[in-house]
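**Student:** Here is my input, please return the structure:
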Amino acid sequence: YNIYTLTNIFFINIPQQFINEEKATCPLGYFPCGNLTVCLPQLLHCNGINDCGNQADEENCGDNNGWPHLFDKYFGMPSYNTGTKSNVCLLGAVPELCQCRDLELDCDSTQLQDIPVVAINVTMMSLQRNRLQKLKANTFFRYQSLQKLYLQHNRIQDVSPHAFRGLYNLTRLYLSYNKISALMPGVFQDLHKLEWLILENNNIHEISSMTFSGLNSLVLLVLLNNSLTELDDICREMPILNWLDLEGNLIQTIGNVSFCSCSMLTVLVLQQNRISHIHEQAFSVLQKLGELDLSNNKLVAIPPNLFVLLGDLLQLNISYNPIVELQVDHFDKLHKLKSLSIEGIEIGNIQRRMFEPLKYLTHIYFKKFQYCGYAPHVRSCKPNTDGISSFEDLLANIVLRVFVWVVSATTCFGNIFVICMRSYIRSENKLHAMCIISLCCADGLMGIYLFMIGAYDLKFRGEYNRHAQAWMDSSQCQVIGSLAMLSTEVSVLLLTYLTLEKYICIVYPFQYLTPGWRRTVTILLGIWVFGFIVALLPLVFKGLFRNFYGTNGVCFPLHSEQPETLWAHVYSIIIFLGLNLVAFLIIVLAYASMFYNIQRTGTQTTKYSNHIKKEVTIAKRFFSIVITDSLCWIPIFILKILSLLQVEIPGTISSWVVIFILPINSALNPILYTLTTRPFKETILQVWANYRQRRPLLSGHQAHHPSLTWQEMWPLQENSHGPATGHPLETTGTIVKLTPVENTNEGYSDITTSTQQLQKQHTVLSVCSKKQAPNTHTYTNK
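**Tutor:** Just a heads-up that it's a prediction; the model follows:
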């Protein structure tokens, strides 16, 4: 048995003067720095940093209350004095492979199949990791001086009722890691001095009070990881039992007589059973109980008066039970409680009143760090963060706090800029422009979402924990979360629609399948309506989805550590692993098909060298579009799949995904679908050319046309009125406006150009009279 664990959690007979220590004269939520007059807030204590300067804020942070020495005191662990023991074997002849020192015999891992025969004055016998299968009657009768017997890690299945007969001086008996399924009444009848009985990791399925008859001196009983289903006055034959460990059994009910004779019990461990019901008087006799562990069971409710008589309780653990509600006065009578663990429990009605009576509480453990704000008088509250937020800030990481503004500004500016510039790019295909503007509106909402998160991070700076729970439950958080969901889903659907539209234009150019004005408007309206439904559904049916958006400080339901309702769970899977995954696959496959068709068409209609250049350009565009979609959605798909498989996901990962990964498409879509396209470049060239023409006219100097390098990098397309007849800058006294670019597939001109087999070569410049522009020359694209 793990002695270190026993030592660390033992709380018995705490000196009263320690419990009645003077209360610090610091404001609520602040604690003193040792003997200094400085007070630090709760969040700066036990955080691994010397904030006081004298290490006082990092002292006594361990949850053992400083009493490990009591284990030796009350369990009589001997202080071994190696000077009093002889290294000479005093047992005479011993079996081969066994080791002997003084009166102690060590036969561990020697393949023994039976108990060895040695001198009768042996005091310790260790027979661990052998092949013992049965303990026969009177096996140890001749060893009446035996004090310690170690039989762990054997194959013992059958223990005779008289197996331990005659062991009147035995104090320690270890039978762990065997295959014992039953213990007959009276099997320990002669073990009057036995103090420790360790029976962990067997298959014991039934015991009665008479099983332990004769154990008048037993103080420690360990039945960890067996198959017990019920308890019936287990302490009746063990009047001074101090420590009872029943972890990892199959117990379902604790009745009012289960511990009715355990008045001396100080430690009771019942974790990892199947307990669903506890009688209200089950612990009424345990008035000396110092530690109670009920974690990892199936308790839905705790009886109102279950803890009323546990006035000496120092440590209580009820974590990871499906408790739906804690009563406000559940802990009122636990005046000496120093450690309270309620991890894994959603406390919907949490309030300060629950923990105010616990004046001496030094450690408290919640499911969410936001709950720490309801226990400001407790020095050590865990967890300190959920990976996204911390005690101080909504965004725990300085990098996140900076980049939330950078990404927000980039997203908002890029999309607003594209929406404004679209009015300067006159295109025959107004429907495509409408789709692009609609996409920018959706992506702009993501920028607004990040802006709002950054704004609330500033608002709560330095004191977020005081507002954390109220913030996540607030209507503002719900609205911001639904805004992000609306942006995400509308953007995904619009990208899918734009991809399919281009796919039809390129793969089936002569089928007249391109949607008209009415159909396009209907599709766009349908996408936005669907996006609003998806985003608002958890808000309208809050009873089914609970606090769907308020599971973390950034109000986005990417990953939830708390148990989701069935509706929320199914909804999340359908959206992230259904709709979005299908849309992503459609985009990737459609672009792959488009590239294949363009490659096939290009090899048939162009010279090989030109074909290679166009392929490289198209491949770059395809790669950019697909890679941004992949960078955005593949991490999210992986995260949701791991969440579905109940893999523990650090909150830090979720925060980086929300701030950096999720907005990738929103930030880069303006660049990919507008800023890098030929019509946009030519519009910029037009503005620049007019600016260059206006500048010398206003200053009275001669105009200078763009350099040859500039012209070759940005050749103008031929417009519908015929080829250009002169350079736009080669005029005198007036500013000539370039003919607007007309492109039937704006935003994809590089792609569609490759599929038009009869497209003409672009005329870049024409010569004008040398009188008007004596320094100009004529260049023509070949």
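**Student:** quick one: the strands in the stretch 101-250 of the chain?
**Tutor:** 104-106, 124-126, 134-135, 148-150, 158-159, 172-174, 196-198, 220-222, 243-245 (DSSP state E, counting those that start in this stretch).
**Student:** need the contact list for Leu112.
**Tutor:** Residues near Leu112 by C-beta atoms under 8 Å, 6 or more residues apart in numbering: 95, 127, 130-132. (Glycine included, C-beta is placed from N, CA and C.)
**Student:** make that Ile574, sorry
**Tutor:** No contacts exist for Ile574 under C-beta under 8 Å, 6+ apart.
**Student:** how about it, secondary structure?
**Tutor:** helix (DSSP: H, G, I helix; E, B strand; the rest coil).
**Student:** tell me the domain boundaries of this protein?
**Tutor:** 398-675, 700-755 (automatic domain parsing).
**Student:** Select from the ones you listed the stretch with the lowest mean pLDDT.
**Tutor:** Of all the domains of the chain, domain 700-755 carries the lowest average pLDDT, namely a mean of 40.
**Student:** residues contacting Ala583?
**Tutor:** 492-493, 495-496.
**Student:** any idea how far Cys440 is from Leu537?
**Tutor:** 25 Å (C-beta to C-beta, to the nearest Å).
**Student:** Which one's more surrounded, the two?
**Tutor:** Cys440 (25 against 17; other C-beta atoms under 10 Å).
**Student:** Am I right that that one falls within a helix?
**Tutor:** Yes - assessed by three-state DSSP, Cys440 belongs to a helix.
**Student:** Run through the residues that contact it.
**Tutor:** Counted by C-beta under 8 Å, 6+ apart, Cys440 has contacts 415-416, 418-419, 669-670, 674.
**Student:** Let's see that with 7 Å instead.
**Tutor:** 415, 418-419, 670 (C-beta atoms under 7 Å, 6 or more residues apart in numbering).
**Student:** Once you drop chain neighbours, what's closest to it?
**Tutor:** Asn415 (4.1 Å; C-beta to C-beta, 6 or more residues apart in numbering).
**Student:** Now the helix or strand containing the one you found: buried residues?
**Tutor:** Using DSSP states H and E, the element containing Asn415 is helix 398-421. Neighbour counts over helix 398-421 (16 or more other C-beta atoms under 10 Å) mark 400-401, 403-405, 407-408, 410-412, 414-415, 418-419, 421 as buried.
**Student:** before we move on, what about stretch 129-147?
**Tutor:** 129-130, 132, 135, 139-140, 143, 145-147.
**Student:** any idea how far the closest residue to Thr123 other than its chain neighbours is from Ser86?
**Tutor:** What sits nearest to Thr123 in space, not counting adjacent residues and going by C-beta to C-beta, 6+ apart, is Leu103, at 4.4 Å. The gap separating Leu103 from Ser86 is 9 Å, by C-beta to C-beta.
**Student:** Compare these two (neighbour count), which wins?
**Tutor:** Taking other C-beta under 10 Å, Leu103 and Ser86 do not tie; Leu103 has more neighbours (20 against 9).
**Student:** May I see the contacts of Cys440 organised as CSV, with distance to Thr520 added?
**Tutor:** Below are the contacts of Cys440 laid out as CSV (distance: C-beta to C-beta, whole Å):
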residue, distance to Thr520
Asn415, 20
Val418, 19
Ile419, 18
Pro670, 20
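**Student:** Of these, just say which sits nearest to Val687.
**Tutor:** Val418 (15.0 Å; C-beta to C-beta).
**Student:** residue boundaries of the helices in the stretch 401-550 of the chain?
**Tutor:** 430-459, 464-473, 475-507, 517-540, 542-545 (DSSP state H, counting those that start in this stretch).
**Student:** buried stuff in the first one?
**Tutor:** Right, helix 430-459. Result for helix 430-459 [16+ other C-beta under 10 Å]: buried residues 431-433, 435-454, 456-457.
**Student:** ok and that helix relative to helix 464-473, angle-wise?
**Tutor:** If you take axes from the mean of the first three to the mean of the last three C-alpha atoms, to 10 degrees, helix 430-459 sits at 140 degrees to helix 464-473.
**Student:** circling back: of all the buried residues of stretch 129-147, which comes closest to Ala484?
**Tutor:** Of those, the one sitting nearest to Ala484 (C-beta to C-beta) turns out to be Arg129, at 58.2 Å.
**Student:** Can you read off the pLDDT for the closest one?
**Tutor:** 95.
**Student:** before we move on, what about the one 10 residues further on?
**Tutor:** In the prediction, the pLDDT value recorded for Thr139 is 92.
**Student:** Please apply the same query to the one 3 residues further on.
**Tutor:** Arg142 is assigned a pLDDT of 93 by the prediction.
**Student:** Can you give me every residue that contacts it?
**Tutor:** Per C-beta under 7 Å, 6+ apart, neighbours of Arg142: Ile120.
**Student:** Phi, psi for it please.
**Tutor:** phi -80, psi -10 (degrees, to the nearest 10).
**Student:** now do the one 3 residues further on
**Tutor:** The phi and psi values for Ser145, taken as degrees, to the nearest 10, are phi -90, psi 0.
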